[in-house]
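**Q** sequence? don't have it. structure:
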């Protein structure tokens, strides 16, 4: 299936998707530290709608290995290119120092895809986890990784660094993988999560789906079932928001009630932690225990 990029103009967002950016005074501490250390966050590079809330709470999701991705997924705001910047050898320590300054007890490390690197960045994840843990021994680290082309040895390298949760996003349903996730494969992503469970059965695994790209409720449930079949423990469900006219158009805005219903079905399927709501993103309240309702 081919989804046209510019088939519709920008639309007015439903009221439930409108969120204040946040007060400048509440955002300044995180933004200052990020700027001083010359590091990146997916909060900014991906224009996350929750960054005001997270910054006000003194949290952020760190984006490793630069702001340029070697893949060109049709939903993503992050810059694309075949010649990303060389790795900053000081980045692991800069991230660790930022975690210390912010006093984070739970931190998420993610990255652009770096298919240009021999190890696709697996060693960089391991090095950054180690740096964070040296400076912040009480801080728990979650990783949100690319697929590493399904390479078991590279996945094992990240697992061996002892994160508390290994997140890899399926992003969308099986039928829409090709137009949405260029360079990625549905079965390969499931295989990444399955490999983690084989290597470390007690390590929590997590994945996420964006809704609004043309999927049906039945297809979402099929994807949730596929994730549970490979032992995935945690799930996030959120609304896809079109970053620009160059990106895939939104086919549908799912309502808060629909997200709540899907979240309940996910819990019934056995997911241990469920975050389901229009503004939910992969790292939203990642370090919190499951709550009775996760629609926000």
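**A** Nice, I can see it. The shown structure was predicted, so the numbers you read here are calculated from the model rather than taken from an experiment.
**Q** quick one: residues contacting residue 156.
**A** With CB atoms under 8 Å, 6 or more residues apart in numbering as the criterion, the residues that contact residue 156 are 195, 199. From N, CA and C alone the C-beta is placed, and that goes for glycine too.
**Q** now do 10 Å
**A** Contacts for residue 156 (CB atoms under 10 Å, 6 or more residues apart in numbering) come out as 122, 148, 195, 196, 198, 199, 200.
**Q** tell me the phi and psi of it?
**A** The phi and psi torsions at residue 156 (degrees, to the nearest 10) take the values phi -60, psi -30.
**Q** looking at this protein, which helix or strand is least sure?
**A** The helix or strand of the chain with the lowest confidence, counting by mean pLDDT, DSSP states H and E, is helix 42-45 at a mean of 50.
**Q** show me which of the contacts of residue 156 are buried.
**A** When burial is judged by neighbour count using 16 or more other CB atoms under 10 Å, the buried members of these are 122, 148, 195, 196, 200.
**Q** any chance of those residues in CSV, plus distance to residue 259?
**A** Compiled in CSV, those are given as follows (distance: CB to CB, whole Å):
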residue, distance to residue 259
122, 33
148, 30
195, 29
196, 26
200, 30
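**Q** from those residues, which land in helices?
**A** Within those, residues falling in helices by DSSP state H are 122, 195, 196.
**Q** gap between the last one and residue 260?
**A** The reference is to residue 196. With distances defined as CB to CB, to the nearest Å, the gap from residue 196 to residue 260 amounts to 29 Å.
**Q** now residue 90
**A** Distance of residue 90 to residue 260, given as CB to CB: 44 Å.
**Q** quick one: which of these two has more around it?
**A** residue 260 (16 against 13; other CB atoms under 10 Å).
**Q** check for me that the more buried one belongs to a helix.
**A** Yes - with DSSP: H, G, I helix; E, B strand; the rest coil as the criterion, residue 260 is assigned to a helix.
**Q** neighbours of residue 13, how many?
**A** Taking other CB under 10 Å as the neighbour definition, residue 13 ends up with a count of 16.
**Q** surely residue 99 is in contact with residue 137?
**A** No - no contact is recorded between residue 99 and residue 137 when judged using CB atoms under 10 Å, the distance being 11.3 Å.
**Q** what's the overlap in contacts for the two?
**A** Between them, residue 99 and residue 137 share no contacting residue, judged by CB under 10 Å, 6+ apart.
**Q** which one of the two has more residues nearby?
**A** Under the criterion of other CB under 10 Å, the comparison of residue 99 against residue 137 puts residue 99 first, with 25 against 7.
**Q** widest-spaced pair of the contacts of residue 156?
**A** 122 and 198 (16.6 Å; CB to CB).
**Q** tell me which residues of the strand ranked longest in the chain come out buried.
**A** Within the chain, and with DSSP state E defining each element, the longest strand by residue count is strand 204-211. Residues of strand 204-211 classed as buried under the neighbour-count rule (16+ other CB under 10 Å) are 204, 205, 206, 207, 208, 209, 210, 211.
**Q** ok, of these, which one's closest to residue 230?
**A** Nearest member of these to residue 230, counting by CB to CB, is residue 205, at 8.0 Å.
**Q** grab the nearest non-local neighbour of residue 68.
**A** Take residue 68 and drop its neighbours on the chain: the residue closest to it by CB to CB, 6 or more residues apart in numbering is residue 84, 4.2 Å away.
**Q** so what does the helix or strand in which residue 263 is found touch, helix or strand wise?
**A** Following DSSP states H and E, the helix or strand that holds residue 263 is helix 256-269. Using 3 or more CB pairs under 10 Å, 6 or more residues apart in numbering; DSSP states H and E as the contact criterion, the elements in contact with helix 256-269 are strand 204-211, helix 217-229, strand 234-239, strand 273-276.
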